[in-house]
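[1] the amino acid sequence is not available; the structure is as follows:
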């Protein structure tokens, strides 16, 4: 009775709760108890216990795989108290039990038509099977085993596509840590914001990352460690092998940008105290300084002490290609990628992306040649000066768009007009206040550093600091907002400063015409962000269409294009039927839609989210997996209402949820035309979309096995 009750109580222990949260298992399912006779593997030299798999769960080879210990119970095998022996050695010690074990486990695999993870005990030479279950496996193994079982006639191709969890395809796309070569000391665990592995020396600023890594990131790999990243850090993020932040969530700046770059990132590692001023981080009573080595596992969120080796990815793996060729014919929903530069677009296309669902123009402005003109535009206090700065940005923006159009030749490209608040392109208000207050006490070296820091603001020498910084602070104060994510951004910028929308529209259409004349097929889709009313959409749509006609007249050529909006506010979803009168397509920005629906700040949600998950208030992080009961209903409502007004309305999703399997499945059921995600999640989205369609067509349940 006591043993039985202990098993029932185990359903509520912390480890079980965490496992259910991790795998999205309902708390109300409960557990079962098997009552069976006890057998003993610790009765002497003819007794023993072991665990094994019918195939290798790490690499998928068809081999008998496992370990055992003589004169031991099962707990001894898995606890690490003693070093177990490879299961093949059992043939030498107890050949009869070994042969029987092989025969039984082979029969079990044939019966369940899947890899079996089994446990056994031999008592006085007699074999007892304790349990069997479908075996957990890596993504590499899952694909290989699925193909093997089809070749063996054990399962069909249709069944095979459900044998791989979409998230497991990350294994083919990112480097992995080689943990066999050294002892692993985990310092902290944060959020697995961007998968893969990164090993490098710690740096605490973007400038130091560039300086230390230089132009050879292989010889001098660096890990950029920050409390949180901002757009100002983009140059350091580009050269870094990986990013570690102590704050921020799955949709923080660091997370979104690194996923787009395909770089490893661990975000929100709250146990780590990052002191950027002192250039050190503290964790577990240890202090790490610039130049110290750490390793990141972006797939699990682990931060590991020291320098581990890495294993290269294999995106062109022939078995992966064969498997995806089985899955893709079932897919009815398109998969696009979020990409801002030609390099990312080319990478996305290589992974099978069928267009760009989100090209964020603000990321284009942080280049070394562009940022001074962008800042000049922001600091201008009249339209004439703003237009002068924008005129200098126009050819650069045009070249950016041309590069993306060329990379996506023949596929649609959705370009979002400027979205973030303007203060993000300027120095932080607090930094300016400190620099102004302490300027008289700074030494010559520090003042020279300030000259470099503020060179884009008219500071050419130390003597300019005193006169340039106060007006700069005044402008930053003017732009300062208490809640910038709900402030002067998105379409509100384009309405206040229509010349910004005009410049961007001109750059898009001039690039489109130029590319068309060169034989490149372009399909531009201009997306207006943060629309809440039909009049906002009409205002910005009119500017885009007017500029398009001007460019077509000047160039003597027209190109097909669309103008639509990003649905990221609850009001927009509620009045989608009205907005659809002006918008030719909808793309759901579910990062912000989740934020504005829940009232959560996505960058600060980690202060409450762990408690919410632990208490069962939320089952999953709503920024990682779409909240189908709340945010999902807004998506469904907006889609239905929009298509009631415009039956041909194209509808997609471009938030990070576009690469999360359960969210992709929801999008398919809701009738979306496409999902869009980071380039390195395209394979995952393709498989999730194929599984969703196949499950409906074949009338089967997924039954995926990790």
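    Ah, there it is. None of the values given here were measured: they were computed from a predicted structure.

[2] determine the longest helix present in this structure.
    The longest helix of the chain (DSSP state H) is helix 383-407.

[3] what does that one contact?
    Defining contact as C-beta atoms under 8 Å, 6 or more residues apart in numbering, one finds that helix 383-407 is touched by 339-342, 345-346, 349, 356, 359, 361, 364-365, 367, 369-370, 373-374, 376-377, 380, 413, 415, 497, 499-500, 503-504, 506-508, 510-512, 514-515, 520, 522, 524. Every residue, glycine included, has its C-beta placed from N, CA and C.

[4] cool, stretch 542-552 as well?
    Outside stretch 542-552, the residues within contact range by C-beta under 8 Å, 6+ apart are 494, 498, 501-502, 505-506, 509-510, 513, 526, 528, 558-559, 561, 563.

[5] what is the mean pLDDT for the longest helix of the chain?
    Over the span of helix 383-407, the pLDDT mean works out to 95.

[6] same question, stretch 156-172
    92.

[7] gap between the two ends of that stretch?
    From the first residue to the last, stretch 156-172 extends over 23 Å; the measure is C-alpha to C-alpha, to the nearest Å.

[8] residue 284 against residue 189, yeah?
    No - using C-beta atoms under 8 Å, residue 284 makes no contact with residue 189, being 11.6 Å away.

[9] these two - which one has more neighbours?
    More crowded of residue 284 and residue 189, by other C-beta atoms under 10 Å: residue 189, with 16 against 11.

[10] which segments of this protein make up each domain?
    The chain breaks down by automatic domain parsing into domains covering 1-35, 37-139, 176-311, 332-421+485-698, 425-480.

[11] how far does the last one sit from the chain's center?
    Computed by C-alpha atoms, centre = their mean, to the nearest Å, the separation of domain 425-480 from the middle of its chain amounts to 36 Å.

[12] and stretch 45-60, by the same measure?
    Distance of stretch 45-60 from the chain centroid (C-alpha atoms, centre = their mean) equals 35 Å.

[13] give me phi/psi at residue 286?
    With angles defined as degrees, to the nearest 10, residue 286 sits at phi -110, psi 150.

[14] how about the contacts made by it?
    187, 305.

[15] roughly how far apart are it and residue 243?
    From residue 286 over to residue 243 the distance is 20 Å, taken as C-beta to C-beta, to the nearest Å.

[16] now residue 369
    Noted for residue 369: a distance of 24 Å to residue 243, by C-beta to C-beta.

[17] so which of the two has more stuff around it?
    residue 243 (31 against 9).

[18] thinking again about what came up before, could the domains of the chain go into CSV alongside distance to residue 164?
    Output for those, formatted as CSV (distance: least, C-beta to C-beta, whole Å):
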stretch, distance to residue 164
domain 1-35, 16
domain 37-139, 7
domain 176-311, 16
domain 332-421+485-698, 7
domain 425-480, 43
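
[19] of those domains, which shows the lowest average pLDDT?
    Taking the mean pLDDT of these, domain 1-35 comes last: a mean of 80.

[20] buried set for it?
    Within domain 1-35, the residues that count as buried by 16 or more other C-beta atoms under 10 Å are 17, 20-21.

[21] and the helix or strand where residue 610 lies, how far out from the chain middle?
    Using DSSP states H and E, residue 610 maps to helix 609-614. Here the centre of helix 609-614 is set off from its chain's centre by 21 Å, with C-alpha atoms, centre = their mean.

[22] buried ones in it?
    So helix 609-614, judged by 16+ other C-beta under 10 Å, has buried residues 609, 613.

[23] who touches that helix?
    17, 21, 249, 617-621.

[24] buried residues in the helix or strand following it?
    Where DSSP H and E defines the elements, the next helix or strand beyond helix 609-614 is helix 631-645. Neighbour-count burial for helix 631-645, counted by 16+ other C-beta under 10 Å, picks out 631-632, 634-639, 641-643.

[25] same check on stretch 574-591?
    Neighbour counts over stretch 574-591 (16+ other C-beta under 10 Å) mark 575-580, 582-591 as buried.

[26] same question, stretch 682-698
    If you call a residue buried by 16+ other C-beta under 10 Å, then stretch 682-698 has these buried ones: 682-695.

[27] gap between that stretch and the chain center?
    With C-alpha atoms, centre = their mean as the basis, stretch 682-698 stands 19 Å off its chain's centre.

[28] sitting in helices, which of the contacts of stretch 542-552 do you find?
    Among those, DSSP H puts 494, 498, 501-502, 505-506, 509-510, 513 in helices.

[29] need those in a markdown table (columns: distance to residue 223 and neighbour count).
    Formatted as a markdown table, those follow (distance: C-beta to C-beta, whole Å; neighbours: other C-beta atoms under 10 Å):
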| residue | distance to residue 223 | neighbour count |
| --- | --- | --- |
| 494 | 38 | 25 |
| 498 | 43 | 15 |
| 501 | 39 | 24 |
| 502 | 42 | 19 |
| 505 | 40 | 26 |
| 506 | 41 | 20 |
| 509 | 41 | 27 |
| 510 | 40 | 20 |
| 513 | 44 | 20 |
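
[30] now those as JSON lines including distance to residue 99?
    JSON lines is the format used below for those (distance: C-beta to C-beta, whole Å):
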{"residue": "494", "distance to residue 99": "75"}
{"residue": "498", "distance to residue 99": "81"}
{"residue": "501", "distance to residue 99": "76"}
{"residue": "502", "distance to residue 99": "80"}
{"residue": "505", "distance to residue 99": "75"}
{"residue": "506", "distance to residue 99": "77"}
{"residue": "509", "distance to residue 99": "74"}
{"residue": "510", "distance to residue 99": "75"}
{"residue": "513", "distance to residue 99": "74"}
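
[31] for the stretch 151-300 of the chain, which segments are assigned as helices?
    Using DSSP state H, counting those that start in this stretch, the helices found in the stretch 151-300 of the chain span residues 157-160, 206-213, 234-239, 253-261.
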